[in-house]
Each structure stands twice: as structure tokens, then as C-alpha cells.
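**Student:** Got a sequence here, can you model it:
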Amino acid sequence: MTIFSELLGERLLQHNVDGSDQIISYISTNELEGKTIGLYFSGHWCGPSRAYTQKLAEIYKSIYENVKDNFEIVFISSDRDQSSFDSYYNGMPWKALPFSEQTRADEIKNNYDVRTLPRLDILSPTGEVLYSNCINEVSSEGAEFFRQWYCAKEKPTKTIVKAETTTTKAVTTTVFIELFGEQLLEHSADESSQTTTYMPTSKLEGKTVGLYFSGHWCRPSREFTVKLAEAYKNAYEYVEDKFEIVFVSWDNEENAYENFYKEMPWKALPFAVKTFDSSSTSANQQVITTTTTTTAFNQLLGYRLLQHDGHECAQTTNYINTIVLEGKTVALYFS
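**Tutor:** Next up, the predicted model:
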């Protein structure tokens, strides 16, 4: 069994043109072996999906002769009945998972965390995710986008299983100092004293850091803080050398901030850092002006960011790769 037959089953649908008649037949999924694959999640009932399918079909037809040995698209349907599926697939020139495989289709959508339509994920010949949801990129770059995927020898990859859980190395100390400043607050080792002291931000070096945005005035924040603190204390002895949380306050008064921080066992950005001259370079907890590598942004923000879809009538979001931030000044907007 190959990678793609395990994912998609043993058979797929394809169009065969026989004179003036369009015939749909089965092919073995093994025919995808060695190819880069686009998983196209779409549904006839979705207006933006129908509009996008027309554009994608035009692009696919224009590049097919050049890419047919290296690249293929497979339609994963979100249609609710066989008739809608059949009608919709008639307008598609690529392969499709049969409508009878809806259980498998649902499993694939869950595996790739598909929440919006349309969506196109690019997989390497070994099943790794080369690009997660490239709908907007295809719209803007057209056929050129696909050429880069089937021609490229090396691309940033994530495996299917680890796409959402890949562990990353910690951000460099320089980035954390730029982000937080030179000092953070921590609780005194003497728990009975309930006093706080300053620690150098450089102590975060080598650690993965969680930014905890919260405020005492917000009841859900107070309730979640209790649960998070309990989990943190339970895990601390196992993760203290690898992981830390930093509290970034939304409180408007220092007294509220201090009372709230007493309930937290982790580090904190000092309340005084909330006020600053926006033109000053000390305002780095709000704006990072840096030429850090893509890796640093991946580690700070994760491998994916959300953006709005380009369709005016679709109030949805999709994912983009954090690599688009490389070389840019990035503002973190907390609202």
C-alpha cells in the first residue's frame, strides 16, 4: 500500500474524453505515486467554491501537459448528495475521491483541520504538507504557483501527523529581549512572602515561551487563570528547563495587576512597561522591528497565521505560512 492509497483509498475517479461524450471511470490511487498532490476541498453548495473551481480548472488545463507526470489535484467533496457531487465534478478536470467514500473524506478533513471552503493543500510525493491552504496564492500567482511546487527540489515541510503539533526550538534571546525588554517579574522563591523580584529576560534563552494575555477585570480570564496555574504547577518540574509562560496584562490599574499576578506562578511583563512612547525603541512589546530569520517568526508565532479569504461574500479565514513575514517589520496587534 502506498502513501496516497492509505490516505485516499484504493480507487479515485477521473474523466475520460471519448469523442463528444464525457465518461467518468475509476483509476488506481497507485497512479499518484511519485507525484506532488493538491487536495482540493470544495462543495457545490458553496458559492465561493464554485467561483474558485472555475478559475482553478482554467489554470489546471493550461499547465496539465507540462505537469501531468509530476503533479495532480484530487477533489475531496463536501457535497451533501450524489447528484450535487456528480454535477459539480463534471466541471473539474482532475481526479476525485468517490462520493461513496464520505467517511474517508470526513477523516481527511479532520486530519487537515479543514474549516473553510474552498481549500487547497499541497502534499509532497511522500505525503508531507508542503503548503497548507494556498487558495489566495493560487489566485494571485496563477499557473506559476504550481510550477514552483512540482519543480522545487526542497520546500519547507510538515508531516501530516505533525502539522498542528510540531515542536519548535525556542526563539533566540535577542528576540525575547526586543519583545519584553531587559527584565521580567517573577515570584520570590519564598512562597509565603508573596513578593516579586526582577529577573533578566535572558533567562528565557533556550526555552519555548507562552505569551498569556489576560486581565483581572475579565471574569473568563480569572477563571481560566486558575485552571492554567494548576496545570502549570503540575507540569513545572518536567518543563522548567524548556518552557515558560509570560503574563502580558490588559489591566488598567497597577493594583488590579498586582492582585491578579499573585495568583500566577509564572513570569510577567512589568505593569510599568504598559506605558511608553510609541516612537521609542523600548516599545518592542508592541512592535518588533527586526530582520530576524523566518525561523524566528515560526518559533514566535507558529508555522501558520490566519488571514481573511479573498472572496467578498465569504466571511471566512484561511491559513498562510509564516514564511511570508521574512524580512518585514511585524506589528503584533492585541485587541
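**Student:** How about residue 101, nearest residue that isn't a chain neighbour?
**Tutor:** Nearest non-adjacent residue to residue 101, counting by Cβ to Cβ, 6 or more residues apart in numbering: residue 9, 5.7 Å away. Just so you know, the C-beta spots here come from the backbone N, C-alpha and C atoms, and that holds for glycine as well.
**Student:** For the one you found, report the pLDDT, please.
**Tutor:** You'll see residue 9 listed with a pLDDT of 96.
**Student:** Same check on residue 216?
**Tutor:** For residue 216, the pLDDT comes out at 87.
**Student:** which ones are touching it?
**Tutor:** 222, 251, 256, 257, 259, 260 (Cβ atoms under 8 Å, 6 or more residues apart in numbering).
**Student:** Can you name every helix or strand that whichever strand or helix holds the first one contacts?
**Tutor:** When elements are defined using DSSP states H and E, residue 222 is found to belong to helix 219-239. Helices and strands touching helix 219-239, as assessed by 3 or more Cβ pairs under 8 Å, 6 or more residues apart in numbering; DSSP states H and E, comprise strand 208-214.
**Student:** Number of residues surrounding residue 65?
**Tutor:** 8 (other Cβ atoms under 10 Å).
**Student:** May I see the buried residues of the one helix or strand it maps to?
**Tutor:** Per DSSP H and E: residue 65 is located in helix 47-67. Buried residues in helix 47-67, counted by 16 or more other Cβ atoms under 10 Å: 48, 49, 52, 53, 56, 59, 60, 63, 67.
**Student:** Check stretch 126-134 too.
**Tutor:** 127, 128, 129, 130, 131, 132, 133, 134.
**Student:** again, but for stretch 257-273
**Tutor:** Buried, per 16+ other Cβ under 10 Å, within stretch 257-273: 257, 258, 260, 261, 264, 266, 267, 268, 269, 270, 271, 273.
**Student:** Would you map the helices across the stretch 201-335 of the chain?
**Tutor:** Taking DSSP state H, counting those that start in this stretch, the helices of the stretch 201-335 of the chain run over residues 219-239, 254-261, 294-301.
**Student:** Mind checking the pLDDT average for the first one?
**Tutor:** For helix 219-239, the per-residue pLDDT values average out at 89.
**Student:** go on, stretch 105-121?
**Tutor:** Mean pLDDT, stretch 105-121: 93.
**Student:** same thing with stretch 246-263?
**Tutor:** The model assigns stretch 246-263 a mean pLDDT of 90.
**Student:** what about it, start to end distance?
**Tutor:** End-to-end distance for stretch 246-263: 13 Å, by Cα to Cα, to the nearest Å.
**Student:** From residue 136, how far out is residue 215?
**Tutor:** 34 Å (Cβ to Cβ, to the nearest Å).
**Student:** scratch that, residue 113 is what I was asking about
**Tutor:** 17 Å.
**Student:** now do residue 115
**Tutor:** Distance, residue 115 to residue 136, using Cβ to Cβ: 16 Å.
**Student:** ok, the two, which is more surrounded?
**Tutor:** Counted by other Cβ under 10 Å, residue 115 and residue 136 do not tie: residue 136 has more neighbours, with 16 against 13.
**Student:** The more buried one should be in a helix, yeah?
**Tutor:** Yes: counting by DSSP: H, G, I helix; E, B strand; the rest coil, one finds residue 136 located in a helix.
**Student:** quick one: it from residue 121, how far?
**Tutor:** Remark: distance between residue 136 and residue 121 (Cβ to Cβ) = 13 Å.
**Student:** Residue 2 now?
**Tutor:** The spacing between residue 2 and residue 121, counted by Cβ to Cβ, is 18 Å.
**Student:** which one of the two has more residues nearby?
**Tutor:** Taking neighbours as other Cβ under 10 Å, residue 2 and residue 121 compare with residue 121 leading, 24 against 17.
**Student:** Could you check the angle whichever strand or helix holds that one makes with helix 47-67?
**Tutor:** Assigned by DSSP H and E, residue 121 falls within strand 119-123. If you take axes from the mean of the first three to the mean of the last three Cα atoms, to 10 degrees, strand 119-123 sits at 30 degrees to helix 47-67.
**Student:** hang on, the earlier thing: please flag which of the buried residues of stretch 126-134 sit within helices.
**Tutor:** Among those, no member is found in helices (DSSP state H).
**Student:** immediately after whichever strand or helix holds residue 26, which helix or strand?
**Tutor:** Taking DSSP H and E as the definition, residue 26 sits inside strand 21-28. Note on strand 21-28: by DSSP H and E, the next helix or strand toward the C-terminus is strand 36-42.
**Student:** Residues contacting that next one, please?
**Tutor:** Strand 36-42 is contacted by residues 4, 49, 52-53, 56, 70-78, 88, 94, 108-109, 112, 114, 117-125, 130, 146, 149-150 when judged by Cβ under 8 Å, 6+ apart.
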